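Student: How does the following fold in three dimensions:
(one chain, ligands or ions: 3)
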Amino acid sequence: MGNIKKLDISAYLVIGPENTKGRPVATIIKEAVSAGFTCIQIRSKVASARELIQLTRQAAEVIEEAGKSDEVALLVNDRLDVVLAARSQGIKVDGIHVGQKDIPVKVCREYLGEDLIIGLSARADQLFDYIKTEDVSQLDYFGVGPLHETPTKPDCGIGEDGKVITRSIADITKVAELSSIPVVVGGGVKLADIPTLAKTGVDGFFVVSAVTEAENPKQAATNLVNAWNNYNSKTKTF
Ligand SMILES: Cc1ncc(COP(=O)(O)OP(=O)(O)O)c(N)n1
Ligand SMILES: Cc1ncsc1CCOP(=O)(O)O
Ligand SMILES: [Mg+2]
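Tutor: Ligands and ions are numbered 1, 2, ... in the order given. Okay, here's the model as predicted:
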């Protein structure tokens, strides 16, 4: 797992410059980490490779300043090239999150080696069969969603018929039971969802707007982490 002692995806922030209402990405990451967020993903569909490397550098710096480099994982969305470039510049980035249409997991693993983290978005359709049968040997966790339709990613959960499939709490509970690797759930997740989500047996929640668009991101992050910790009844170990 590289420098990360144990991957913790219980409170997972996904963030890019298009999500922050003009506020610096690094400031919001700093606030989320100090509130207890355990995993950070740099995700931007508009930033250039150089900008993504710079955002990753700043994120690694604020995690280090908080003294949490060996416990808070820093991942990059989609961009294997950015992960490799950042690492070659000495930036402490811990892995990548890819989806079904991105660079295949096998290729990511070849380039990143055994120790880095690779997360994969689960297929939207035939989710249960997929979770049961997919080869997870190269994977560290599944991202599953959306819990609700979300303007942050309107195409999240689109099935082959073009319709968005949202996930019920019963679906999520079943995914937690079926999966042999950790599961993190996101897509429209807000504070009010956390008590129910925390009891499903999944390993965590991921959010963008609940923190990045909040008037007070630090308070919003604190409330989410506290709610998760108060209601999480998970005892499953991997
Ligand atoms: C933790 C987590 N889960 C799912 C996603 C979605 O990834 P993907 O399906 O590749 O979509 P984009 O984020 O690339 O638009 C994620 N980013 N993080
Ligand atoms: C990146 C991503 N992947 C699946 S849904 C999503 C966006 C979630 O954003 P929000 O938490 O604002 O609904
Ligand atoms: Mg992707």
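
Student: Number of residues surrounding residue 126?
Tutor: 13 (other Cβ atoms under 10 Å). The C-beta positions use only the backbone N, C-alpha and C, and glycine is treated the same way.

Student: measure it to residue 190 for me?
Tutor: 28 Å (Cβ to Cβ, to the nearest Å).

Student: same deal with residue 232?
Tutor: On the measure of Cβ to Cβ, residue 232 and residue 190 end up 17 Å apart.

Student: Counting neighbours, go ahead and name the busier of the two.
Tutor: residue 232 (20 against 15).

Student: who touches the nearest residue to the more buried one once chain neighbours are set aside in this structure?
Tutor: Counting by Cβ to Cβ, 6 or more residues apart in numbering, residue 232 lies nearest to residue 198, which is 4.2 Å off, once chain neighbours are set aside. Neighbour list for residue 198: 205, 227, 228, 230, 231, 232, 233, 234 [criterion: Cβ atoms under 8 Å, 6 or more residues apart in numbering].

Student: Mark which of these are buried, thanks.
Tutor: Of the members of the contacts of residue 198, the ones counted as buried by neighbours, 16 or more other Cβ atoms under 10 Å, are 205, 227, 228, 232.

Student: Just give me the least confident of these.
Tutor: Among the buried ones among the contacts of residue 198, residue 232 has the lowest pLDDT, at 92.

Student: didn't that residue look like it was pressed against residue 176?
Tutor: No: with contact defined as Cβ atoms under 8 Å, residue 232 does not reach residue 176; the gap is 11.8 Å.

Student: Could you give the average pLDDT over the helix or strand harbouring residue 175?
Tutor: Using DSSP states H and E, residue 175 falls within helix 169-178. Computed over helix 169-178, the mean pLDDT rounds to 97.

Student: Give me the contacts around it.
Tutor: With Cβ under 8 Å, 6+ apart as the test, helix 169-178 has contacts from 122, 127-128, 131-132, 142, 144, 147, 167, 183, 185, 196-197, 200-203, 236.

Student: So is the lengthiest helix in the chain next to ligand 1?
Tutor: Secondary structure of the chain per DSSP state H: the longest helix is helix 49-65. No: using Cβ under 6 Å from any ligand atom, we find that helix 49-65 stays clear of ligand 1, coming within 12.6 Å at best.

Student: which residues are in contact with that helix?
Tutor: Counting by Cβ under 8 Å, 6+ apart, 16-17, 25-26, 29-30, 33, 40, 42, 44, 47, 69, 72, 74, 76, 79, 81-82, 85-86, 89, 91-93 sit against helix 49-65.

Student: ditto for stretch 135-145
Tutor: With contact meaning Cβ under 8 Å, 6+ apart, stretch 135-145 is reached by 1, 7, 9, 95, 97, 99, 105-106, 108-109, 117-122, 127, 131, 156-157, 167, 172, 175, 179-189, 202-203, 206.

Student: In that stretch, which of the residues would be classed as buried?
Tutor: Quick answer for stretch 135-145 (16+ other Cβ under 10 Å): 138, 139, 140, 141, 142, 143, 144, 145.

Student: Am I right that residue 111 is in contact with residue 84?
Tutor: Yes: between residue 111 and residue 84 a contact is recorded at 6.2 Å, counting by Cβ under 8 Å.

Student: and the helix or strand bottoming out on mean pLDDT in the chain, does that touch ligand 1?
Tutor: Ranked by mean pLDDT, DSSP states H and E, the helix or strand of the chain with the weakest confidence is helix 127-133, at a mean of 94. No: using Cβ under 6 Å from any ligand atom, helix 127-133 stays clear of ligand 1, with a minimum separation of 13.0 Å.
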